[in-house]
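[1] how does the following fold in three dimensions:
(one chain, ligands or ions: 2)
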Amino acid sequence: EKVDFIYFFNHIIDRFEMNKYEQNLEFVRKLPNNSHWVWMDKDKMTQVLDNVISNAIKYSPNGGVITLETEIKDRMLLTKVSDQGVGIPKEQVERIFDRFYRVDKARTRKLGGTGLGLAIAREMIEAHDGKIWAESKEGKGTTIYISLPMMHKKWGNAS
Ligand code: ATP
Ligand code: MG
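    Ligands and ions are numbered 1, 2, ... in the order given. The predicted structure is shown next:
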């Protein structure tokens, strides 16, 4: 269905922001004030964003800032979820999208999870003709990028 991604994303962030986290996290939004329409399966997109934001929370340090940003870039809607957490070693960044892949088993075991979240996220984003990828610096933090095709006005009311 046709969804205002900005409204939808704000709502998801609200839900996370209402919780209290041991690390005393701060959420910073950098979102446009106007609507941007995306053709999507809301349940699947919720699952993707939930996992990406949960990961950012899971790997954040005390007082960490999680930045949630959406902008238009190259005619796509580009969303970035950044944390100031442990980061991921360069040679492993692309592998986090593999099924069951988890960086440093000892580190992640106590944090729970199966290592499926991002593999499913990639499948779902690609089913929406989008892309998802990561950039990370060990000890500095991680950014997950999600780019989605926008519904252009000239397409009219495709819904
Ligand atoms: P699940 O999502 O199934 O509960 P998970 O979170 O371990 O388990 P993924 O979401 O697929 O699995 O992430 C895979 C691995 O990538 C994680 O185990 C972790 O090692 C690494 N990772 C993902 N996001 C981050 C992040 N923001 N910072 C640091 N490492 C991350
Ligand atoms: Mg996860």
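
[2] gap between L116 and N34?
    35 Å (Cβ to Cβ, to the nearest Å). No exception for glycine: its C-beta is placed from N, CA and C like everyone else's.

[3] the two - which one has more neighbours?
    L116 (14 against 7; other Cβ atoms under 10 Å).

[4] three-state assignment of the most centrally placed residue in the chain?
    Geometric centre of the chain, nearest residue: V52, 3.9 Å, by Cα atoms, centre = their mean. Of the three states, V52 takes helix according to DSSP: H, G, I helix; E, B strand; the rest coil.

[5] can you pull out the strands in this structure?
    2-4, 26-30, 37-39, 65-73, 76-83, 131-137, 141-149 (DSSP state E).

[6] give me the contacts around the first one.
    Translated: strand 2-4. Contacting residues not belonging to strand 2-4 are listed as 35-40, 42, 45, 151, 158-159 [Cβ atoms under 8 Å, 6 or more residues apart in numbering].

[7] which one among the residues you listed gets closest to E69?
    The shortest approach to E69 among the contacts of strand 2-4 belongs to H36, at 12.9 Å (Cβ to Cβ).

[8] ok, that closest one to E26 distance?
    25 Å.

[9] between those two, which one's more packed in?
    Between H36 and E26, counted using other Cβ under 10 Å, H36 has the larger neighbour count: 20 against 14.

[10] please verify my assumption that that one contacts R75.
    No: counting by Cβ atoms under 8 Å, R75 is not a contact partner of H36; they are 11.6 Å apart.

[11] now the common contact residues for the two.
    In contact with both H36 and R75: M150, using Cβ under 8 Å, 6+ apart.

[12] so what's the nearest residue to V86 once chain neighbours are set aside up against?
    Nearest residue to V86, sequence neighbours excluded (Cβ to Cβ, 6 or more residues apart in numbering): Y59, at 5.2 Å. Neighbouring residues of Y59 by Cβ under 8 Å, 6+ apart: 83, 85-86, 111, 142.
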